[in-house]
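Enquirer: Predicted coordinates and the sequence they were generated for:
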Amino acid sequence: MARCNEEPALITCLSAASASREMNSDIEPYLRSIWFNEGRGLPGTILNKSTLVFLSVFLFLFMSLGCDRGMHDSGLAFPGAGPAAGTAGQGTFTFGVSTASTQIEDKNYDSDWYLWTGPKPGGMEKSEFVGDAVCGYTMAGSDLDLIDSLNMDAYRFSPSWSRIEPKRDKISGDALKHYASLLEAMKARGIKPMITVHHFSSPVWIDDPRRTGPCEQGPTDQDLCGLEDPVGRQEVIDEMAEYAGLLAKQYGKYVDEWCTLNEPFNYLLAAYGAGIFPPGRTLLLGHFDEFVQVAKAYLDAHAAMYKAIKENDIWDADGDGQAAIVGLTLSVAQWVPARNNQVSNDPADIAARDRIIYVRHHLIPQSLLDGTFDSDLDGKPDMDVPEWKGTLDFLGVQYYARMGVTSSPALISGLDLTPCAGGIDLGACVPPLDPTKWVPSMGYEYYEQGIYNVLSDFSSRWPDLPLVVTEAGLATLSGQRRAQHLVRTLQQIHRALEQGADVRGFYYWSLMDNFEWQEGYGPKFGLYSVDLDTCDRTATMGADVLSRIAGSRKVTGDMLDTMGGTGPMALEPE
């Protein structure tokens, strides 16, 4: 924010300062008239510029406000917590944290990620071994103490499907009891749960990553052949719905808020497009039409899971009149057109930017609201899918970065573009606007205004669809940077709220450092850092700041002054 040392900045600062003290709201046009008209705005008075400077400084001192501090004295207030959908949740705001089972839990031996990353000969060694992650299964109870100490309203987590159903139709009673005990403890602490049913991980028997070719033997109990198989995909959809119904039946008395899928496009791209997640399929390389069919099948699974949850969760756990509120989460970004690693004005690159926003931001919510599907991704729905219609009670928004996308070269042939993502560049990646906001362990740039831009777009496009920021976080070794990220993100969310967006919460990613999929244990997103040898948790500055914000339901003026805005951030440690 500008200091009061230039003509326009002086006027704006003084005007804002006067507004913060409930003084004359017309001071800005008054000052503009006397400054730029050299006194002609005051009838019968002629003032020279020296006098104007003296007058302006006098007013500034009289109001006893610095430009930055005066504008932030009152801080930003957030309302109390409420449901993610329905009229009872209007005007509410939930503070929470998020995790995912595969990324934090130990002893998760039947997960596809355990096989995918495990050492040979038993494992596949595709990336850093997940192992026992950060002991999140064993330490689930003490981790709840951490959440409680953060003054959180809610905790978003994912029970492990591979732990609950390690073999097809073989349900682990011990696993069900573990998560029931966790939910009971959350209830005792007044922490609202939000459950994600499918978060980037499946039991091996859904689609065995060791199979490298077509599923010639057909679906079996040991390998259903996955979503890419024309025969097996319906069995996978049925199993996903059955699992969702099981969770709803077991835990509905504790849980009202559900996410069926986490970031569908990211998961599909990584697991079935580029082959960097299990099961490791690479349909984007010459099989784009098949990839689209997999995407449709995954949305079929969402609709089936939505129905199963609604049928089996018959308890209104929080007394708001709604037994089950069901949505999904979406990965979003601030996309910019690029060419040769620079921001581009080429119409082809601008069109590529618009296409990726359509596919990654708009396609899935619109399909689930309308019951339609755009099978050739040309921007126009060409299929009616009535069973999808109305299967989205709220939309989870997950924002991390500003990213580039180019039309040349076009690695994804079906979309005629290449995004800067997942280590892919090819001229699509652009320099950060501010080098201090580069996130080296993730290879992208944090851009504060992006979350506001996305929330505003969604609010305008779907005004009746409640939004929840189900993930936003920063990978850093600096507690100060994480605290800055928290304050700045909430500042942008509050800005969207002030513009009328129905945003009902913010969940920080993540409670503690964890296993970041193909990036392994390098990126550190946690409010609590974790010693990977002992699993000991240590609070970062981010934990302290978020605890104070959630406890008071306010980002204070001092926090805004010292950590907010859009200026340079603290440097990342070497």
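Expert: Perfect, thanks for sending it. Numbering: from 1, shown residues only.
Enquirer: CA atoms for contacts and neighbours, from now on please.
Expert: Will do.
Enquirer: Could you check the pLDDT of G213?
Expert: G213 is assigned a predicted lDDT (pLDDT) of 89.
Enquirer: That one: neighbouring residues, count only.
Expert: 8 (other CA atoms under 10 Å).
Enquirer: Three-state assignment for it, please.
Expert: Classification of G213 using DSSP: H, G, I helix; E, B strand; the rest coil returns coil.
Enquirer: Quick check: the gap between it and D207.
Expert: 12 Å (CA to CA, to the nearest Å).
Enquirer: now do E471
Expert: 27 Å.
Enquirer: same thing with L182?
Expert: Taking CA to CA, one finds L182 at 29 Å from D207.
Enquirer: between these two, which one's more packed in?
Expert: D207 (26 against 15).
Enquirer: Is the more buried one in contact with D221, as I believe?
Expert: No - if you go by CA atoms under 8 Å, D207 and D221 don't touch, sitting 10.4 Å apart.
Enquirer: F373 is in contact with M383, correct?
Expert: Yes - M383 is within contact range of F373, at 5.0 Å (criterion: CA under 8 Å).
Enquirer: host element of the spatially most central residue of the chain?
Expert: The centroid of the chain falls nearest to Q398 when counting by CA atoms, centre = their mean (1.6 Å). Per DSSP states H and E, Q398 falls inside strand 395-406.
Enquirer: Could you tell me which strands sit next to the helix or strand following that strand in the sheet, and their orientation?
Expert: Next helix or strand after strand 395-406 toward the C-terminus (DSSP H and E): strand 418-419. As defined by DSSP bridges, the strand partners of strand 418-419 come to strand 395-406 (antiparallel).
Enquirer: distance between the strand it pairs with and the chain's centre?
Expert: Computed by CA atoms, centre = their mean, to the nearest Å, the chain-centroid distance of strand 395-406 equals 8 Å.
Enquirer: elements contacting the longest strand anywhere in the chain?
Expert: Secondary structure assigned by DSSP state E gives strand 325-339 as the longest strand of the chain. If contacts are counted by 3 or more CA pairs under 8 Å, 6 or more residues apart in numbering; DSSP states H and E, strand 325-339 sits against strand 257-262, helix 264-268, helix 288-312, helix 347-357, strand 395-406, helix 449-461.
Enquirer: before we move on, back to that, comparing M383 and F373, which shows the higher neighbour count?
Expert: F373 (22 against 12).
Enquirer: list the contacts for the more buried one?
Expert: Residues in contact with F373 (CA atoms under 8 Å, 6 or more residues apart in numbering) are 296, 363, 367, 381-385.
Enquirer: Narrow those to those that are buried.
Expert: 296, 363, 367, 381 (16 or more other CA atoms under 10 Å).
Enquirer: ok, those residues vs M559, which is closest?
Expert: L363 (37.4 Å; CA to CA).
Enquirer: Just say helix, strand or coil for that closest one.
Expert: helix.
Enquirer: Indicate each strand paired with the longest strand of the chain and its parallel or antiparallel sense.
Expert: Short version: by DSSP bridges, strand 325-339 pairs with strand 257-262 (parallel), strand 342-343 (antiparallel), strand 395-406 (parallel).
Enquirer: And it, how far out from the chain middle?
Expert: 8 Å.
Enquirer: between it and helix 288-312, how many degrees?
Expert: Angle of strand 325-339 versus helix 288-312, following axes from the mean of the first three to the mean of the last three CA atoms, to 10 degrees, is 160 degrees.
Enquirer: pLDDT of strand 325-339, averaged?
Expert: Rounded mean pLDDT across strand 325-339 is 98.
Enquirer: can you check stretch 457-468 too?
Expert: 98.
Enquirer: Not counting its own residues, what contacts it?
Expert: 84-85, 393-397, 455, 501-506.
Enquirer: Kindly reformat the residues you listed as TSV containing distance to F291 and neighbour count.
Expert: Below are these laid out as TSV (distance: CA to CA, whole Å; neighbours: other CA atoms under 10 Å):
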residue	distance to F291	neighbour count
A84	32	31
A85	32	25
D393	27	23
F394	26	25
L395	24	23
G396	24	25
V397	24	26
L455	28	24
A501	34	25
D502	33	27
V503	32	29
R504	33	28
G505	33	27
F506	32	25
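Enquirer: Just to be sure, R281 is in a strand?
Expert: No - using three-state DSSP, the assignment for R281 is coil, not a strand.
Enquirer: Hmm, it is touching Y272, no?
Expert: Yes - contact criterion CA under 8 Å: R281 and Y272 qualify, at 4.4 Å.
Enquirer: SS state for S529?
Expert: S529 ends up strand, using three-state DSSP.
Enquirer: Let the chain start at 16 from now.
Expert: Taking 16 as the first residue, the last one we looked at is S544.
Enquirer: mind checking pLDDT for it?
Expert: 98.
Enquirer: pretty sure it is touching D528, no?
Expert: Yes - in this structure S544 lies within contact range of D528 using CA under 8 Å: 5.4 Å.
Enquirer: okay, these two: which has more neighbours?
Expert: Taking other CA under 10 Å, S544 and D528 do not tie; D528 has more neighbours (27 against 21).
Enquirer: Now do the contacts for that one.
Expert: 149, 536, 538-545.
Enquirer: picking that back up, in a markdown table, list the helices and strands packed on strand 340-354 along with distance to D573.
Expert: Listed next are those as a markdown table, based on distance: least, CA to CA, whole Å:
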| stretch | distance to D573 |
| --- | --- |
| strand 272-277 | 34 |
| helix 279-283 | 37 |
| helix 303-327 | 43 |
| helix 362-372 | 36 |
| strand 410-421 | 25 |
| helix 464-476 | 20 |
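Enquirer: Tell me which of the ones you listed sits nearest to I210.
Expert: strand 272-277 (4.9 Å).
Enquirer: mind checking how far the closest one is from the chain centre?
Expert: 13 Å.
Enquirer: Buried residues of stretch 478-495, list them for me.
Expert: Buried residues in stretch 478-495 (16+ other CA under 10 Å): 480-495.
Enquirer: oh, I was asking about stretch 572-585
Expert: Buried residues in stretch 572-585 (16+ other CA under 10 Å): 572, 574-576, 578-581, 584-585.
Enquirer: Among these, which lie within helices?
Expert: Among those, the members falling in helices (DSSP state H) are 572, 574-576, 578.
Enquirer: I'd like to know which of the residues you listed is nearest to A203.
Expert: Of these, the one sitting nearest to A203 (CA to CA) turns out to be M574, at 31.5 Å.
Enquirer: Can you name the residues that contact the closest one?
Expert: V502.
Enquirer: again, 10 Å this time
Expert: Neighbouring residues of M574 by CA atoms under 10 Å, 6 or more residues apart in numbering: 87-88, 90-91, 498-499, 502-503, 560, 564.
Enquirer: Please apply the same query to T132.
Expert: 138-146, 292-293, 532-533, 535.
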